[in-house]
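> Have a look; sequence and predicted model below, questions after that.
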Amino acid sequence: MGQICFVSLFPEYFETAMHSSILGRAVENGSIQYHFVQIRDFSTDKHHRVDDAPYGGGAGQVMKPEPLVSAIESARNQCGGDGHVVLMSPQGKVFSQAVARRLSMLQKPLILVCGHYEGVDERVRSYVDEEISIGDYVLTGGELGALVVSDAVCRLWPGVLGNDDSSVEESFSDGWLEYPQYTRPPEYLGQKVPEILTSGNHEAIHRWRRCESIRRTQERRPDLFEKNKDSLTSEERVWMGWETPKKKKERHGHTPVEQKN
């Protein structure tokens, strides 16, 4: 069972997501356990304020350290005194499938902290384990980012997907985009399913899918292609038509030499 906690000013943000689709079924069958911590509950201000003007001047408000740190500590306690604390922040490491997989394998509860306003008091950072950003743009708060991270991580936990192998061949799981997928009917508005997929030849299907995955990555994400192209095997390069098959060598490791009469 995976455990996740959202530390937020707007915990209602997560209710629908955690009770919908795949995550909702996982919550029902016990594969995921989640809870919230309302940051405002830890404010000592009579108006329950959690923000204040920045020292040195400037626009906007900054989240105060006292309520936010207390909320983080409360989340840790609810997780049995443990938990990996992630602050959603535009200054954090950019989220990726590799990061999602790493977080899913931590064997400890995941605590996602959602900032707001102009950010958090710098002293809060000493109470988190890492910072994550979902991209180079600014959102009104960390909730949307936390939803993205939680969805990507939770679906990698055992028992969340109907078939745990489903996550293995997805886009980015091995650095490449996923191959094209088809289902019934076999023809739709003149577009036919590739014959290879109905051939029953599993080896040929595997080869076709691998080639399409590589080709699609090259066309749509050349940055990923350049990053991963050196990992392609000689066999895969032959499949793609980029290399010709190498001649087989004899047992002693020597290339056969034509004998002269």
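Structure received. Numbers count the residues shown, from 1 in each chain.

> Phi, psi for R184 please.
phi -70, psi 150 (degrees, to the nearest 10).

> For it, grab the count of nearby residues.
Other residues near R184 come to 7 when the count uses other C-beta atoms under 10 Å. (Glycine included, C-beta is placed from N, CA and C.)

> do Y137 as well
With other C-beta under 10 Å as criterion, Y137 counts 7.

> Same check on K246?
Neighbours of K246 (other C-beta under 10 Å): 10.

> How about P11?
P11 has 17 nearby residues by other C-beta under 10 Å.

> Then the one 3 residues further on?
Residue crowding around F14 was assessed by other C-beta under 10 Å; the count is 22.

> Leaving out chain neighbours, which residue sits closest to it?
F6 (5.2 Å; C-beta to C-beta, 6 or more residues apart in numbering).

> so is the one you found in a helix, a strand, or just coil?
strand (DSSP: H, G, I helix; E, B strand; the rest coil).

> quick one: contacts for it?
With C-beta atoms under 8 Å, 6 or more residues apart in numbering as the criterion, the residues that contact F6 are 13-14, 34-37, 112, 114, 143, 146, 150.

> show me where the protein has strands.
Using DSSP state E, the strands of the chain run over residues 2-8, 32-38, 51-52, 62-63, 84-94, 110-114, 130-133, 187-188, 191-192.

> Could you list the buried residues of stretch 200-219?
Neighbour-count burial for stretch 200-219, counted by 16 or more other C-beta atoms under 10 Å, picks out 205, 208-210, 212-218.

> any idea of the mean pLDDT in it?
Averaged across stretch 200-219, pLDDT comes to 96.

> the longest helix in the protein is where?
In the chain, with assignment by DSSP state H, the single longest helix is helix 202-220.

> hmm, who's touching that one?
Contact with helix 202-220 is made by 176-180, 194, 196-197, 199, 224-225, 228, 232, 236, 239-240, as judged by C-beta under 8 Å, 6+ apart.

> same thing but at 7 Å, please
When contacts are defined by C-beta atoms under 7 Å, 6 or more residues apart in numbering, helix 202-220 is touched by residues 176-180, 196-197, 224-225, 236, 239-240.

> Tell me the most packed of these, by neighbour count.
W176 (23 neighbours).

> could you dump the buried residues of stretch 200-219 to CSV with distance to M105?
Compiled in CSV, these are given as follows (distance: C-beta to C-beta, whole Å):
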residue, distance to M105
I205, 30
W208, 31
R209, 26
R210, 26
E212, 29
S213, 24
I214, 27
R215, 31
R216, 27
T217, 25
Q218, 30
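
> Return the closest of those with respect to N29.
R209 (30.5 Å; C-beta to C-beta).

> Please, where are all the helices along the protein?
12-18, 21-28, 65-78, 97-104, 143-154, 202-220, 222-228, 234-239.

> Of those helices, which stretch is the most buried?
By mean neighbour count, with neighbours taken as mean count of other C-beta atoms under 10 Å, helix 143-154 ranks first of the helices of the chain at a mean of 21.

> May I have it exported as CSV, CA atoms only?
The C-alpha coordinates for helix 143-154 follow below in CSV (Å, rounded to 0.1, in the frame of the first residue of the first chain):
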residue,chain,number,x,y,z
GLU,A,143,-1.9,22.1,-5.9
LEU,A,144,-2.0,21.5,-9.6
GLY,A,145,1.6,20.4,-9.5
ALA,A,146,1.0,18.2,-6.6
LEU,A,147,-1.9,16.5,-8.5
VAL,A,148,0.4,15.8,-11.4
VAL,A,149,3.1,14.3,-9.2
SER,A,150,0.7,12.3,-7.1
ASP,A,151,-1.0,10.8,-10.2
ALA,A,152,2.3,9.9,-11.9
VAL,A,153,3.7,8.4,-8.7
CYS,A,154,0.6,6.6,-7.4
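
> what's that helix packed up against?
Applying 3 or more C-beta pairs under 7 Å, 6 or more residues apart in numbering; DSSP states H and E, one finds that helix 143-154 contacts strand 2-8, helix 12-18, helix 21-28, helix 97-104, strand 110-114.

> what pLDDT does C114 get?
C114 is assigned a predicted lDDT (pLDDT) of 98.
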